[in-house]
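Student: kindly generate the corresponding structure for this input.
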Amino acid sequence: MEWYLIVLKRYSDFSGRSRRKEYWMFILINALIGFAIGIVDGLFGTLFLTGIYYLTVLVPTVAVSIRRLHDTGRSGWWLLVSFVPIVGLLVMIYFTTMDSEVGENDYGPSVKGYV
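Tutor: Numbers count the residues shown, from 1 in each chain. Coordinates of the predicted model:
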């Protein structure tokens with residue numbers, strides 16, 4: 001849960017870098033919370049809570065995705081590739097599972113502490 005809260009605290013920070021663990025733990029916890037809210041919505045026969053939740057975490061999700069791309073040495077504009085059906089999703093999964101770029105890059109110092 002700590003990783004989820006870190007991302008929420010940096011919700012509008014589109015600069016810098018984010019580690020793989022920070023990104024994927026946020027995605028996992030976000031999915032679990034969304035699933036739980038979806039079940040509650042299903043019990044009430046609405047989609048209101050799910051929609052509100054996903055709108056609430058939209059900006060933090062985009063921000064952590066851009067920081068993750070920065071960590072691999074790519075511009076945040078690469079996030080737009082995710083709008084390409086199927087192929088875009090596969091490309092984004094590949095980029096976000098790559099290891100951090102060693103040392104400092106154009107987006108800041110390494111978050112892993114490499115020299």
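Student: list the contacts of the closest residue in space to F48 that isn't next to it in sequence.
Tutor: In this structure, F48 finds its nearest non-sequential neighbour in D41, 6.8 Å apart by CB to CB, 6 or more residues apart in numbering. Heads up, the C-betas are built off the backbone N, CA and C, glycines and all. The contact partners of D41, taken as CB atoms under 8 Å, 6 or more residues apart in numbering, are 47-50.
Student: same check on A36?
Tutor: Applying CB under 8 Å, 6+ apart to A36 gives no contacts.
Student: for I66, same thing?
Tutor: 14, 76, 79.
Student: so the second one touches G16, yeah?
Tutor: Read that as G76. No. Judged on CB atoms under 8 Å, G76 makes no contact with G16 at a distance of 10.9 Å.
Student: so where's the longest helix in this protein?
Tutor: The single longest helix within the chain, with elements called by DSSP state H, is helix 20-44.
Student: what comes up buried for it?
Tutor: Neighbour counts over helix 20-44 (16 or more other CB atoms under 10 Å) mark 20, 22-23, 25-27, 29-30, 37, 41 as buried.
Student: tell me the phi and psi of the closest residue to E104 other than its chain neighbours?
Tutor: Spatial nearest neighbour of E104, chain neighbours left out: S110 (6.5 Å); criterion: CB to CB, 6+ apart. When read as degrees, to the nearest 10, the backbone of S110 gives phi -60, psi 140.
Student: neighbours of S110, how many?
Tutor: By other CB atoms under 10 Å, the residues close to S110 number 16.
Student: all set now, cheers.
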